[in-house]
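A.B. asks: When you get a sec, could you give me coordinates for this:
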Amino acid sequence: MSTNELAVRVTAPSRLHFGLLAFGDWAPRQFGGVGMMIDRPETAVLARLRRPNEPPPEPRTDADRRARAFAEQFRQSVNSADERERLRHVEIRVEKAATDHVGLGSGTQLAMAVGRALASFIGKSDMPAVDLAQRVGRGRRSAIGVHGFHLGGFLVEGGKSEPSNVSPLVARLNFPSDWPVVLVIPADSKGLHGRAEREAFEDLAPIPPAITADLCRLTMLGILPAVAERDFPAFTESLTEFSRKVGACFAAQQGEQFFNPAAASVMEVLATYGVRGVAQSSWGPTLAVVADSRFRAEWLAARLADTLAPNMSTIVCTTANNHGAKIEIVDVPADSLN
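C.D. replies: The predicted structure follows:
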């Protein structure tokens, strides 16, 4: 006969990052950026206290191993020896994880979910997102996923004035729920990450001040007002121009505007139907296409599936997440946790 146990589940959205605002010695603030949170793919972790003398389980997946590393980072950040000991007995299991290194911010969402779950076991479930991020080593460059984990929505971060800081959030809006997003995620392709990403930034030419001025203008006078006023044509026009300018700054590392060569095929299909509002997320290879209705999104997804080579891309229809991660106390069968 199975008995039930209480556990904490944290479910986090994914992040789209449309581009940096500034980079280079001339800029008083580094990075900054524009992005949004989306409902799918989700990341979900389940946490519970192990019974006395119960050994920790072996990690089953790469996501489990990463979650264990994030959990240890968080534990070591806690000052109280009693709290550190309590956290040593918390088991973390990854129930869902977004594909890593494809531009969806999976590492940050997993790390933040683990941190939020562990914080609840020491009575700090309301720990600020920036504090959580610093305890699990996130927000070193972009902070869209840090703030988005907590708040959801369409976000603009202001860039960091010191390397150890997490960029401050300077604007956040609810994104229209009736503007779905179609994701095109090329198979067997990863964006730059880890050492390769660090080396790319070391080699990256500064974003010229004039381009930063253009990106800030497009953000403040184009993208944000269009979201606030639900002006879809103005939004897609501004996002397309923003994406083009960002892509040109990173072309030396990516080879062209978009990281993955398969993006050319996607853009050809979309151009055939006059689609605007296309952007690469972070280093890619994921492309995000914003549509003005669920019908249009599903129609575009079907056209892309018909045109692109089978098994070459995953196509996902999703919507904005305007509330951030969800934390809940759940009652689960004990034997399901083994």
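A.B. asks: where do the strands sit along the stretch 1-150 of the chain?
C.D. replies: 4-19, 33-49, 90-96 (DSSP state E, counting those that start in this stretch).
A.B. asks: Sheet-wise, list the partners of the shortest one with their directions.
C.D. replies: On the basis of DSSP bridges, the sheet neighbours of strand 90-96 come out as strand 33-49 (antiparallel).
A.B. asks: got the CA positions of the strand it pairs with in PDB?
C.D. replies: C-alpha atoms of strand 33-49 as PDB (Å, rounded to 0.1, in the frame of the first residue of the first chain):
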ATOM      1  CA  GLY A  33      18.500  43.400 -23.200                       C
ATOM      2  CA  VAL A  34      14.900  42.800 -24.400                       C
ATOM      3  CA  GLY A  35      13.000  39.600 -24.000                       C
ATOM      4  CA  MET A  36       9.900  37.800 -22.800                       C
ATOM      5  CA  MET A  37       8.700  34.700 -21.000                       C
ATOM      6  CA  ILE A  38       6.700  31.900 -22.600                       C
ATOM      7  CA  ASP A  39       4.600  29.100 -21.200                       C
ATOM      8  CA  ARG A  40       6.200  26.300 -23.200                       C
ATOM      9  CA  PRO A  41       8.500  24.500 -22.900                       C
ATOM     10  CA  GLU A  42       8.200  24.200 -19.100                       C
ATOM     11  CA  THR A  43      10.800  23.300 -16.500                       C
ATOM     12  CA  ALA A  44       9.500  21.600 -13.400                       C
ATOM     13  CA  VAL A  45      11.300  20.300 -10.300                       C
ATOM     14  CA  LEU A  46      10.000  18.400  -7.400                       C
ATOM     15  CA  ALA A  47      11.600  18.600  -4.000                       C
ATOM     16  CA  ARG A  48      11.000  16.600  -0.800                       C
ATOM     17  CA  LEU A  49      12.800  15.800   2.500                       C
END
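A.B. asks: so how far is that strand from its chain's centroid?
C.D. replies: 8 Å (C-alpha atoms, centre = their mean, to the nearest Å).
A.B. asks: And stretch 109-124, by the same measure?
C.D. replies: Computed by C-alpha atoms, centre = their mean, the separation of stretch 109-124 from the middle of its chain amounts to 17 Å.
A.B. asks: Which parts of the stretch 201-338 of the chain are helices?
C.D. replies: With DSSP state H, counting those that start in this stretch, the ranges of helices along the stretch 201-338 of the chain come out as 209-218, 224-229, 232-249, 251-254, 263-272, 294-307.
A.B. asks: among those, which is the most enclosed?
C.D. replies: helix 232-249 (a mean of 19; mean count of other C-beta atoms under 10 Å). No exception for glycine: its C-beta is placed from N, CA and C like everyone else's.
A.B. asks: Stretch 12-27: end-to-end distance?
C.D. replies: Using C-alpha to C-alpha, to the nearest Å, one end of stretch 12-27 lies 32 Å from the other.
A.B. asks: Let me know the average pLDDT across that stretch.
C.D. replies: Stretch 12-27 shows a mean pLDDT of 93.
A.B. asks: Mind listing what's buried along it?
C.D. replies: 12-23, 27 (16 or more other C-beta atoms under 10 Å).
A.B. asks: which one of those sits closest to Val102?
C.D. replies: Checking those against Val102 with C-beta to C-beta, the nearest one is Ser14 at 9.8 Å.
A.B. asks: and that closest one, what does it touch?
C.D. replies: 37-43, 98, 104-106, 109, 318 (C-beta atoms under 8 Å, 6 or more residues apart in numbering).
A.B. asks: what about it, distance to Pro206?
C.D. replies: According to C-beta to C-beta, to the nearest Å, Ser14 and Pro206 sit 30 Å apart.
A.B. asks: about what we covered before: tabulate the strands of the stretch 1-150 of the chain (a markdown table), appending distance to Arg68.
C.D. replies: Below are the strands of the stretch 1-150 of the chain laid out as a markdown table (distance: least, C-beta to C-beta, whole Å):
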| stretch | distance to Arg68 |
| --- | --- |
| strand 4-19 | 15 |
| strand 33-49 | 11 |
| strand 90-96 | 7 |
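A.B. asks: Can you check which of those gets nearest to Ser125?
C.D. replies: strand 4-19 (8.4 Å).
A.B. asks: Do I have it right that Val316 meets Leu104?
C.D. replies: No - Val316 is not in contact with Leu104 according to C-beta atoms under 8 Å; the separation is 9.8 Å.
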